[in-house]
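1. Test case, fold it:
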Amino acid sequence: NVTNNSKNVQSGEVSIQLPEGFQTLQPSISIDSLKPDETKAIQFSVKNTNPSLKTSNEGGTNGDYDFTIMTKTNDKPVVQTAAINLVPVTDIQQAATQPTIDGEEHEGEYHDHDLDLSRVWEGSAPTSTMDASGHAKVSWNKDALYFYVNVQDDLLGTVLNSADAKRHWRTDSVEITIDPQGNSENTSSTFKVGIFPTTTEHKPAAYRDADNHQGPIELTAPGMEIASIINEENYS
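-> Got it, this is the predicted structure:
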């Protein structure tokens, strides 16, 4: 957003300088006859041209690919810095066979492409893949999304009872967040759920958390189904 803070009509140019691996077809855009106190939105379409660049918190510097924006009027440049966060993407394919909600993967339910869940977002790095790692697959059938999540963990976290299955970051859990419109600035306008693999009642539980309709899925997402299988032989 470019604002004319002077008392005179201004014209100029806005240009963008991108880091290596990114490209825009229009690196500069002219501003013509911007009136005093008038604001104009300047939009650049930026594309990642290097698919080998690391994404999310592993990319760039602490997850940021820095770039600069220069606004020039009357040959007086103003430079601002900003950053691009490059996120991983995937295409969700239709399942050949409607998945069964039983905690297992069966033929035809998911495609072969695995989503790596082993990235460390915060906290100490795991000592091995058995300490903490995982992968997932996603498919759709009819009007439903299906998630198959496989987690490796050699130490089972505190097992809560179903009534206390909330605030899922307290113990072992899987978090899924869906932004239905694709433009949410925070989780309040998403579907965000924490899934506990087991409880003291020996069954999984899930609780919507930090969105605009929080609570156990039986009340807040009655169409959601969950199942889990725990291989207790892997735990110490």
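
2. tell me the SS of the nearest residue to Lys142 once chain neighbours are set aside?
-> In space, and not counting its chain neighbours, Lys142 is closest to Gln98: 7.2 Å by C-beta to C-beta, 6 or more residues apart in numbering. For every residue, glycine as well, the C-beta is placed using N, CA and C. Recorded secondary structure, Gln98: coil (DSSP: H, G, I helix; E, B strand; the rest coil).

3. from now on call the first residue 488
-> In the new numbering, first residue 488, that becomes Gln585.

4. Might you report the residue contacts of Gln585?
-> 596, 628-629 (C-beta atoms under 8 Å, 6 or more residues apart in numbering).

5. Whichever of those residues end up buried, select them in ChimeraX.
-> A single ChimeraX command is used to select the members of the contacts of Gln585 judged buried by 16 or more other C-beta atoms under 10 Å:
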select :596
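
6. could I get the contacts of Gln585 as a markdown table with secondary structure?
-> Listed next are the contacts of Gln585 as a markdown table, based on three-state DSSP:
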| residue | secondary structure |
| --- | --- |
| Glu596 | coil |
| Asn628 | strand |
| Lys629 | coil |
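
7. before we move on, back to that, let me see the backbone angles for the residue nearest to Lys629.
-> phi -60, psi 120 (degrees, to the nearest 10).

8. mind checking how far it is from Leu642?
-> According to C-beta to C-beta, to the nearest Å, Gln585 stands 35 Å off from Leu642.

9. rewinding a little: going by distance to Gly621, which of the contacts of Gln585 wins?
-> Within the contacts of Gln585, proximity to Gly621 (C-beta to C-beta) peaks at Glu596, which comes in at 18.0 Å.
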